[in-house]
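Asks: task: produce atomic coordinates for the following.
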Amino acid sequence: MLRVCVGRLFTAGASSSVRRCQPLVVAARSRADAAVAQASYPVLPSLSPGLTEADGSFEAKWVEFFNSPSIEEFDIRQGMNDLCYLYDAVPEPEVVSAALKAARRINNFAVAVRIIEAVKMKGGNDMNIYNYIIENIRPTLDELGINTLEELNFDKPWQ
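Replies: Residues are numbered from 1 along each chain as shown. As a prediction, this is how the structure comes out:
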């Protein structure tokens, strides 16, 4: 929240007083808040600490999140970041496919490449994980016309 000081420092003898900073209310901000309240944005799935979910329900929430028609680039990036690093999970192939289709819906190739990079980085040194996911999402990659990092030569240093 933006704060602005509305007072001055007054020195009168031995005592001094400082007026407190008050929140600055901006009309544009309230209009923006109203616009956000009217729009329907996807809500990130959450898992409370100590709770476990039934098999498939965690992945189903993420697939539903990425299949949201009102998803934006930030939401896709934030979702992949939360999935990979907040939950410390390697996304299942169906979640990766849903994220790639969301990137295609917003027509953003760079986000699609970042999704594949995130999966590769999350797999670490174990190329079996990355290869398993690429093998399972290959039909989606072919359908959307997206190449893997190896096909784009992004896996090699630039010369």
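Asks: distance of Gln78 relative to Arg138?
Replies: From Gln78 across to Arg138, the span is 26 Å (CB to CB, to the nearest Å). The way it works is simple: take the backbone N, C-alpha and C, and place the C-beta from them, glycine included.
Asks: helices of the chain, start to end?
Replies: 27-38, 57-66, 73-81, 93-105, 109-123, 127-144 (DSSP state H).
Asks: most tightly surrounded among those?
Replies: helix 93-105 (a mean of 22; mean count of other CB atoms under 10 Å).
Asks: please name the nearest non-neighbouring residue to Tyr132.
Replies: Pro93 (7.7 Å; CB to CB, 6 or more residues apart in numbering).
Asks: do Asn81 as well
Replies: For Asn81, ignoring the flanking residues on the chain, the nearest one in space by CB to CB, 6+ apart is Ala118 at 7.7 Å.
Asks: state the phi and psi torsions of Asn147.
Replies: Main-chain dihedrals, Asn147, degrees, to the nearest 10: phi -90, psi 160.
Asks: before we move on, what's the pLDDT of it?
Replies: Reported pLDDT at Asn147 in the predicted model: 93.
Asks: quick revisit: tell me which of the helices of the chain sits nearest to Asp155.
Replies: Proximity to Asp155 (CB to CB) singles out helix 109-123 among these, at 8.1 Å.
Asks: for that closest one, name the packing helices and strands.
Replies: helix 73-81, helix 93-105, helix 127-144 (3 or more CB pairs under 8 Å, 6 or more residues apart in numbering; DSSP states H and E).
Asks: will you turn those helices into a markdown table that also has distance to Val63 and mean pLDDT?
Replies: Shown next, in a markdown table, are the helices and strands packed on helix 109-123 (distance: least, CB to CB, whole Å; pLDDT from 0 to 100):
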| stretch | distance to Val63 | mean pLDDT |
| --- | --- | --- |
| helix 73-81 | 11 | 94 |
| helix 93-105 | 4 | 96 |
| helix 127-144 | 12 | 95 |
